[in-house]
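S.K.: Sharing a sequence plus its predicted fold:
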Amino acid sequence: MKALPMTSRQAQGLWLWAGGLWLGLLMIIPLAGWLRVMMVLAVLLLVGRAWRRARHEARLRRGCLVLAENACLPPPGYRLPVVLVWGDSANELFALPPTPQIALRTTGQGCFVRVPSLEQLPTLVAGLLAERGQWGEQLSVLLIINPAEHTDSAALAGQLRAFCHQVAQVRKRGIGLPLMLASYLQSAHGAGPWFSWEAGQAQPWVRESTACVSLADWQRQVADPGTRAARLQVSVQLNSAAAWLAESVLPHLAKRDGHTTVEPALACAVTLVPALAGTLSGNLWQQWLRDKLALLDSPLAQRQVDRPLIFPDPLLSVVPIRPSRSPLRGAPLIALWLFVAAAVVALASSAWQNILLARQVSDDLRRYHVIAFSERSEHPSFTQREDALATLRQSAVRLDHYYRRGAPLALGLGLYHGERLRTPLLATIAGHRQPAASTPAHVSRPVRLDSLSLFSSGSARLKPDSTKVLINALVGIQAQAGWLIVIAGHTDATGNTEHNLKLSRARAAAVHDWMQRMGDIPDSCFAVQGFGASQPIASNATEAGRSANRRVEIRLIPAAGACVFPTAGSDRQPPAATAAIEY
């Protein structure tokens, strides 16, 4: 069974609730700053438009519910059947002239609402539910078909099909709208009780006020022979009316035509009245009596209507009064499902962000531990280890911030497990030690010269007082056959990379020129290199580290065919070191 339509206030409240949940998700799901702002604006715009549309529709629904003068709806707590009345003699039943206004009559058994026109049935139901959203299970429709007010069976069939279509439109919105069929039959024995056929029964029940008896018991209730004979005649007339309804009306209500099928009527009821204002000459009832029974009913058609028609109050007892399925039950249920969906999305996002955090920190720890110091060169391994340590420190700062101020919503919701990662992370950082410099047996320990003690800032020309520094530092460097003197220049990371590379090469060349000039050493004994800032021995984040990185290193490396002393001097440039040289 479909849920009942919500009232306008409930629809507006649900849109506001959904908008709040969306905004909450946008605060939880990690997004770029500009994207988050755009999404928030989009949600606010969408919810605002939907809220205004729901309010506008509510005004339209209330606008179509124009009640007749002195008419007012029962209170919201009203729990009796509410019957929408359409068909023949509806205006006479409410004792009102034809008017587009909606008339109401409240009796002890229920509330009757006149439908001004068949096309207004869906809008009338929408208007009633906009004002009384809990009436969805109490609404039913009463179709009045009087055979004496129709002369064309094809026109009557068209009206019935139109009625089925409008009822189907209402039922598509989730309103059950049970059907009752009533007929006022002109008879000399008028002003009688209601005779109703229910659930396909062959014999009718006789309903009068709160009493309900079978037709046979109703006939036996009187002892007067005249009254009993009159009731017997009524029984014959009722059988004829039931046969006409079964032949001319019920097939059109049960006929399938797309989605316009109407469920079987809860009751088909007939009551006898002395006269009908809308009786037509040559009507379908007279035609049926003439064709089936060879009887005429014309004398009764001239009677004057001296009192209004009676409401079918006794029939309301057959309308099932289900437990009220107020939209208040549907709206909180939808709100609950929206909350559950938002909670699932938030938990899934938080779980995924925690997985990414754990994966990132674990990978950084693994990367730090697997970096080994190279036996051939301490510089590349030092750089990689420093980069890995810097990454760990950033993660430690982040986890420490979460520890002190609490995890953000994107990682929270009870799924944050950063403390499990924080302890080993801090232990790894605390256990970090600078590696001890090791020199292979076949490589001499390098001589490191501070660049600022030899050169001015940004210059590759030796200072006048640098000679003493060079002599004291290079006492152990002796040119000998089979050994290559490698002079490497280094800078810190400040400044342009290309400029630093050229400066380091120029400073190494300046030291080479000094050594060659002072020791008359052949070019084949030297290799000049410039590494710029690519091989630091300390962190460039501090002034002390940058000072240590600004250096010129000189070392002896065994190389076959190196340092050949020629018989004559040579003015060749010193050979450049290649990647094939190991040290």
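M.R.: Yep, it's here.
S.K.: quick one: low-confidence ranges for the stretch 301-450 of the chain?
M.R.: Residue ranges of the stretch 301-450 of the chain with pLDDT under 70: 301-307, 322-330, 372-383, 433-444.
S.K.: those strands in this protein, which residues are they?
M.R.: 82-87, 104-106, 111-114, 139-144, 179-186, 194-198, 205-208, 211-214, 267-273, 447-450, 483-490, 526-530, 551-558 (DSSP state E).
S.K.: Distance check, residue 417 against residue 159.
M.R.: The gap separating residue 417 from residue 159 is 71 Å, by Cβ to Cβ, to the nearest Å. Glycine gets a C-beta too; all of them are placed from N, C-alpha and C.
S.K.: before we move on, the earlier item: reformat the strands of the chain as CSV; add distance to residue 241 and mean neighbour count.
M.R.: CSV is the format used below for the strands of the chain (distance: least, Cβ to Cβ, whole Å; neighbours: other Cβ atoms under 10 Å):
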stretch, distance to residue 241, mean neighbour count
strand 82-87, 15, 23
strand 104-106, 25, 17
strand 111-114, 22, 22
strand 139-144, 13, 24
strand 179-186, 5, 24
strand 194-198, 8, 22
strand 205-208, 14, 22
strand 211-214, 17, 14
strand 267-273, 5, 25
strand 447-450, 121, 18
strand 483-490, 115, 25
strand 526-530, 116, 23
strand 551-558, 118, 21
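S.K.: For residue 406, which of the ones you listed is the nearest?
M.R.: Closest to residue 406 of these is strand 483-490 (Cβ to Cβ; 45.4 Å).
S.K.: Skip the chain neighbours and tell me the closest residue to residue 424.
M.R.: Leaving aside its chain neighbours, residue 424 sits nearest to residue 365 (6.7 Å; criterion: Cβ to Cβ, 6 or more residues apart in numbering).
S.K.: nope, residue 125 is what I meant
M.R.: residue 170 (5.1 Å).
S.K.: okay, now that neighbour: neighbour count?
M.R.: Using other Cβ atoms under 10 Å, residue 170 is surrounded by 20 other residues.
S.K.: swap in residue 53?
M.R.: 13.
S.K.: How confident was the prediction at it?
M.R.: Note on residue 53: pLDDT of 80.
S.K.: Now do it against residue 218, distance only.
M.R.: Taking Cβ to Cβ, one finds residue 53 at 56 Å from residue 218.
S.K.: What are the boundaries of the helices in the stretch 101-250 of the chain?
M.R.: Along the stretch 101-250 of the chain, counting by DSSP state H, counting those that start in this stretch, helices occupy 121-131, 153-171, 215-220, 225-248, 250-254.
S.K.: The third one - what's its average pLDDT?
M.R.: Meaning helix 215-220. 87.
S.K.: Can you point out the buried residues in it?
M.R.: Residues 215, 218-219 are the ones in helix 215-220 that count as buried (16 or more other Cβ atoms under 10 Å).
S.K.: Including distance to residue 450, could the residues you listed go into JSON lines?
M.R.: Formatted as JSON lines, the buried residues of helix 215-220 follow (distance: Cβ to Cβ, whole Å):
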{"residue": "215", "distance to residue 450": "124"}
{"residue": "218", "distance to residue 450": "126"}
{"residue": "219", "distance to residue 450": "130"}
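S.K.: Contact partners for residue 507?
M.R.: When the contact criterion is Cβ atoms under 8 Å, 6 or more residues apart in numbering, the partners of residue 507 are 451, 454-455, 460, 489, 530, 552.
S.K.: biggest separation within the residues you listed, which pair?
M.R.: Top of the distance list for those (Cβ to Cβ): 454 and 530, 14.7 Å.
S.K.: Wait, residue 192 touches residue 272, no?
M.R.: Yes. Under the criterion of Cβ atoms under 8 Å, residue 192 makes contact with residue 272 at 4.5 Å.
S.K.: Find residues that contact each of those two.
M.R.: residue 234.
S.K.: on that earlier part again, for residue 339, find the nearest of the strands of the chain.
M.R.: Among the strands of the chain, strand 139-144 comes nearest to residue 339, with 30.6 Å by Cβ to Cβ.
S.K.: Show me what the helix ranked longest in the chain is packed against.
M.R.: Scanning the chain for the helix with the most residues, using DSSP state H, yields helix 327-370. Other elements packing on helix 327-370 under the criterion 3 or more Cβ pairs under 8 Å, 6 or more residues apart in numbering; DSSP states H and E are helix 8-28, helix 378-405, helix 418-430.
S.K.: Number of residues surrounding the closest residue in space to residue 537 that isn't next to it in sequence?
M.R.: Using Cβ to Cβ, 6+ apart and skipping the chain neighbours, the partner closest in space to residue 537 is residue 548 (5.8 Å). For residue 548, the neighbour count with other Cβ under 10 Å is 18.
S.K.: do residue 472 as well
M.R.: Neighbour count of residue 472, defined by other Cβ under 10 Å: 8.
S.K.: From residue 465, how far out is it?
M.R.: Residue 472 is 12 Å from residue 465, by Cβ to Cβ.
S.K.: again with residue 151
M.R.: On the measure of Cβ to Cβ, residue 151 and residue 465 end up 132 Å apart.
S.K.: So for those two, which sits in the more crowded spot?
M.R.: residue 151 (16 against 9).
S.K.: got a list of what the more buried one touches?
M.R.: 280, 282-284.
S.K.: top of the residues you listed by neighbour count?
M.R.: Within these, most neighbours by other Cβ under 10 Å means residue 283, with 23 neighbours.
S.K.: Excluding chain neighbours, what is closest to that one?
M.R.: residue 148 (4.7 Å).
S.K.: pLDDT wise, what is the one you found at?
M.R.: So residue 148 comes in at 88 (pLDDT).
S.K.: Mind pulling up the pLDDT for the nearest residue to residue 98 once chain neighbours are set aside?
M.R.: For residue 98, ignoring the flanking residues on the chain, the nearest one in space by Cβ to Cβ, 6+ apart is residue 91 at 5.5 Å. On the pLDDT scale, residue 91 is placed at 82.
S.K.: Could you verify my assumption that residue 91 touches residue 97?
M.R.: Yes. Look at residue 91 against residue 97 with Cβ under 8 Å: they come within range, at 6.6 Å.
S.K.: For those two, work out which one has more neighbours and name it.
M.R.: Comparing residue 91 with residue 97 by other Cβ under 10 Å, the one with more neighbours is residue 91, at 17 against 6.
S.K.: Contact partners for the more buried one?
M.R.: So residue 91 contacts 97-98, 114 (Cβ under 8 Å, 6+ apart).
S.K.: Would you mind giving the residues you listed as a markdown table with pLDDT and distance to residue 355 added?
M.R.: As requested, the contacts of residue 91 are exported to a markdown table (pLDDT from 0 to 100; distance: Cβ to Cβ, whole Å):
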| residue | pLDDT | distance to residue 355 |
| --- | --- | --- |
| 97 | 72 | 75 |
| 98 | 71 | 72 |
| 114 | 90 | 65 |
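S.K.: In JSON lines, list these along with distance to residue 83.
M.R.: JSON lines is the format used below for the contacts of residue 91 (distance: Cβ to Cβ, whole Å):
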{"residue": "97", "distance to residue 83": "21"}
{"residue": "98", "distance to residue 83": "20"}
{"residue": "114", "distance to residue 83": "10"}
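S.K.: Please report how far the residue nearest to residue 98 lies from residue 82.
M.R.: Residue 91 is 19 Å from residue 82, by Cβ to Cβ.
S.K.: what residue ranges in the stretch 151-300 of the chain are flagged as low confidence?
M.R.: 189-190, 255-262, 294-300.
S.K.: Convert stretch 479-486 to CSV, retaining C-alpha atoms only.
M.R.: What follows is stretch 479-486, C-alpha atoms only, in CSV (Å, rounded to 0.1, in the frame of the first residue of the first chain):
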residue,chain,number,x,y,z
ALA,A,479,99.8,13.2,-6.3
GLN,A,480,100.9,9.7,-7.2
ALA,A,481,100.5,7.4,-10.1
GLY,A,482,97.3,5.4,-10.2
TRP,A,483,95.4,7.8,-8.0
LEU,A,484,93.0,10.5,-9.0
ILE,A,485,92.5,13.7,-7.1
VAL,A,486,88.8,14.4,-7.2
